[in-house]
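1. okay, predicted coordinates and the sequence, questions at the end:
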Amino acid sequence: MSCTTPPRYKVIEDFLLERIQGGAYPVHHQIPTEEQLARDFAVSRMTANKAITRLVQQGYLTRQAGLGTFVIERKAESSLHEVMNIAAEVRARGHVYSNEVLRSEAIAADDEVALRLGLRIGSQVFHSILVHRENGLPIQLEDRYVNPRWVPHYLESDFSRQTPNEVLVASCPISDVEHIVEAVLATAQTARWLDIAEGAACLSMIRRTWSDEHLVSYVRLLHPGDRYKLSSTTRHR
């Protein structure tokens, strides 16, 4: 049985991460300097720098020129290439998920919704608006339209037990996804729902999902700019 010794930068990274996640280094706490870490772990400053840089890239730390390196509160994060269940994301971070259903109704599709869902103007669609929260703090406003033909029981769903995403995936496994991401400013209504200032920067993602050849859902997801981020990883073979 063989045992591989982790690289020295990883030892420092794990040391810092353990203290951050354990609460010994809370948000806004200044971590030891590169020089101090290099001395404590008998490594070069370059090795200590690599450990800190990795934690900065992961969103645990921030460097402030002339002041030092500090622990920051990590933003909620979603992959841009996958359709993730926000409740699962929040719980995976060890936090408490909750939501509030603002609307759940059948309406006639206007020209934009009809175009996005490939339907005739005036066709009946299901519409829901939810605010998703992490530890009680709003992190996402979900404004969704669903083609009733493919998910006829959508409005009967209990969204406190299953998110709209879970309901859709259970009914129509997702085969294709389209994303459009842009920066927008919060309207007065959006600001009230997300508990932010009117005009605050938000991240907007419009998503359409297909199940085989069927266009099932069109949704706009709005996130407070200072509470959320999207990530994307591309592998070149």
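-> Alright, I've got the coordinates. Numbering: from 1, shown residues only.

2. what about the helices in this structure?
-> 8-22, 34-41, 45-57, 86-92, 111-117, 164-171, 188-194 (DSSP state H).

3. what's the least confident stretch among these?
-> Per-stretch mean pLDDT for the helices of the chain is lowest at helix 86-92 (a mean of 86).

4. quick one: buried residues of that one?
-> Buried residues in helix 86-92, counted by 16 or more other C-beta atoms under 10 Å: 86-87, 89-90. All C-beta spots, glycine's among them, are computed from the backbone N, C-alpha and C.

5. run through the neighbouring helices and strands of that helix.
-> On a contact count with 3 or more C-beta pairs under 8 Å, 6 or more residues apart in numbering; DSSP states H and E, helix 86-92 meets strand 76-79, strand 97-108, strand 124-134, strand 137-146.

6. make JSON lines out of these and add mean neighbour count.
-> What follows is these, written out as JSON lines (neighbours: other C-beta atoms under 10 Å):
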{"stretch": "strand 76-79", "mean neighbour count": "16"}
{"stretch": "strand 97-108", "mean neighbour count": "14"}
{"stretch": "strand 124-134", "mean neighbour count": "20"}
{"stretch": "strand 137-146", "mean neighbour count": "21"}
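
7. got a list of what residue 202 touches?
-> For residue 202, the contacting residues are 183-186, 190, 194, 196, 222-225, by C-beta atoms under 8 Å, 6 or more residues apart in numbering.

8. 7 Å instead, please
-> 184-186, 190, 222-225 (C-beta atoms under 7 Å, 6 or more residues apart in numbering).

9. out of the buried residues of helix 86-92, who's nearest residue 63?
-> Distance to residue 63 across the buried residues of helix 86-92 (C-beta to C-beta) is lowest for residue 89, with 26.7 Å.

10. surely residue 188 meets residue 198?
-> Yes. Contact criterion C-beta atoms under 7 Å: residue 188 and residue 198 qualify, at 5.0 Å.

11. who touches both of these two?
-> With C-beta under 7 Å, 6+ apart as the test, residue 188 and residue 198 reach no residue in common.

12. so if I had to pick from these two, which one is more boxed in?
-> residue 198 (12 against 8; other C-beta atoms under 10 Å).

13. which phi and psi does the more buried one have?
-> phi -60, psi 130 (degrees, to the nearest 10).

14. for the residue nearest to it when sequence neighbours are not counted, grab the count of nearby residues.
-> Leaving out its chain neighbours, the residue that sits closest to residue 198 by C-beta to C-beta, 6 or more residues apart in numbering is residue 191, at 4.3 Å. A total of 17 residues lie near residue 191 under the criterion other C-beta under 10 Å.

15. lowest-pLDDT helix or strand in this structure?
-> Least confident helix or strand, the chain: strand 76-79 with a mean of 50, by mean pLDDT, DSSP states H and E.

16. is it true that residue 108 touches residue 124?
-> Yes. With contact defined as C-beta under 7 Å, residue 108 reaches residue 124; the gap is 6.4 Å.

17. for stretch 107-124, give me every contacting residue.
-> 106, 125, 127, 145, 147-148, 208, 215, 218.

18. can you give the distance from that stretch to the centre of its chain?
-> Relative to its chain's centre, stretch 107-124 lies at 28 Å (C-alpha atoms, centre = their mean, to the nearest Å).
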